[in-house]
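A.B. asks: no sequence on this one, just coordinates:
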């Protein structure tokens, strides 16, 4: 048999297998390295009002899943390897999928391939990576040279001239990556008339949260009500709110007034404390936040040093359990004002408390001097302000 006939025979077998595939099922086959046989692997499918789990074991470096979904349904799924922080997310539908993992620590570089939406999304991500490849390398090199800032320097304007140039190049590099990514996303969206595919690309794009909200709200109602787009729209609205909050808390703008509760439950206006002190650090924390509490020793030093020069600290606990808050106060013995709140959601809307510690330094008129001070940054700001006062 010559090579030409052999190739035709192989193609025939492949086509025969494809023709025999039952399109009402999904098949997922994977080859994985450096993970022991018998390791449990979980397939998680996030349906609209349910989460479906399926499990298998690695046998001979291979995994296999199969099942069926509602006709035309596409859901978010993930493959999770037990006892290892390894997870691959993808879009699943009734189609054939493949995963090839070479055992590298950078497991995220392996992708699940297959399916119409997953294929489209993977091609989009590949295109973004290819266009930005040189910029990614440049960003990596610049970040090593521009960061961290030398000890005692906390603002880019005060960097040595050479490092300032590198830092500005780094910022410009990030800007170029974002612009390229937005351009590619909009180009891909224009090339497909499938609203679901368009929505996935928009969700993964670098477009602003407000642009994403406008895009989703202009989709047909039936698409807006779909499982994925509902989630994307909710996320974009939340990100829009957070972006607006961050914009409102820029240096030079006014802080946002709120009420807090004392240990005895008395309601106080934070504005009263702000107006009575030259400088007020509003610090959001919680007893369960290790990063917050590791800041306290340095804050104690700064408070002792600058309290008589007009610095007050107003700590606002986000603890849901009052007892946990009181125990932490007893353990840490912080000398500054301590309050709590019964409305964390309101504070979150005012100060974007998606992550703590979060802090805002203001003057007696409530003008923001600096935000999110860590380590020596409070001392740095106080020295700077006292020079100019």
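C.D. replies: Great, that's in hand. None of the values given here were measured: they were computed from a predicted structure. Numbers count the residues shown, from 1 in each chain.

A.B. asks: only C-alpha atoms for contact and neighbour calcs from this point on.
C.D. replies: Will do.

A.B. asks: Domains in this protein, by residue range?
C.D. replies: Following automatic domain parsing, one gets these domains for the chain: 3-114, 119-248, 259-388.

A.B. asks: could you dump those to CSV with mean neighbour count and mean pLDDT?
C.D. replies: Converted to CSV, the domains of the chain look like this (neighbours: other CA atoms under 10 Å; pLDDT from 0 to 100):
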stretch, mean neighbour count, mean pLDDT
domain 3-114, 15, 82
domain 119-248, 16, 91
domain 259-388, 17, 94
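
A.B. asks: Which parts of the stretch 251-389 of the chain are strands?
C.D. replies: Using DSSP state E, counting those that start in this stretch, the strands assigned to the stretch 251-389 of the chain run over residues 259-261, 267-269, 279-285, 311-317, 337-340, 358-363, 368-371.

A.B. asks: So which elements touch the last one?
C.D. replies: Same thing as strand 368-371. strand 358-363 (3 or more CA pairs under 8 Å, 6 or more residues apart in numbering; DSSP states H and E).

A.B. asks: Just want the angle from the strand it packs on to strand 311-317.
C.D. replies: 150 degrees (axes from the mean of the first three to the mean of the last three CA atoms, to 10 degrees).

A.B. asks: next one: strand 358-363 to chain centre, how far?
C.D. replies: 24 Å (CA atoms, centre = their mean, to the nearest Å).

A.B. asks: Run the chain-centre distance for stretch 353-364.
C.D. replies: On CA atoms, centre = their mean, the centre of stretch 353-364 falls 19 Å from that of its chain.

A.B. asks: Mind listing residues that contact that stretch?
C.D. replies: Under the criterion CA atoms under 8 Å, 6 or more residues apart in numbering, residues 255, 274-285, 289, 291-292, 347-348, 368-373 lie in contact with stretch 353-364.

A.B. asks: Let's see that with 6 Å instead.
C.D. replies: Stretch 353-364 has contacts (CA atoms under 6 Å, 6 or more residues apart in numbering) with 274-275, 277-285, 292, 368-372.

A.B. asks: And for stretch 108-120?
C.D. replies: For stretch 108-120, using CA under 6 Å, 6+ apart, the contacting residues are 91, 95, 96, 97, 98, 99, 101.

A.B. asks: What is the end-to-end distance of that stretch?
C.D. replies: Counting by CA to CA, to the nearest Å, you get 18 Å between the two ends of stretch 108-120.

A.B. asks: Setting aside sequence neighbours, what's the nearest residue to residue 267?
C.D. replies: residue 261 (4.8 Å; CA to CA, 6 or more residues apart in numbering).

A.B. asks: Is that neighbour bridged to anything, and to what?
C.D. replies: The partner list for residue 261 in beta bridges (DSSP bridges) reads residue 267, residue 340.

A.B. asks: so where do the helices sit in the stretch 51-200 of the chain?
C.D. replies: 116-146, 161-191, 195-204 (DSSP state H, counting those that start in this stretch).

A.B. asks: Pipe the ones you listed into CSV and attach distance to residue 81 per row.
C.D. replies: Shown next, in CSV, are those (distance: least, CA to CA, whole Å):
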stretch, distance to residue 81
helix 116-146, 20
helix 161-191, 31
helix 195-204, 25
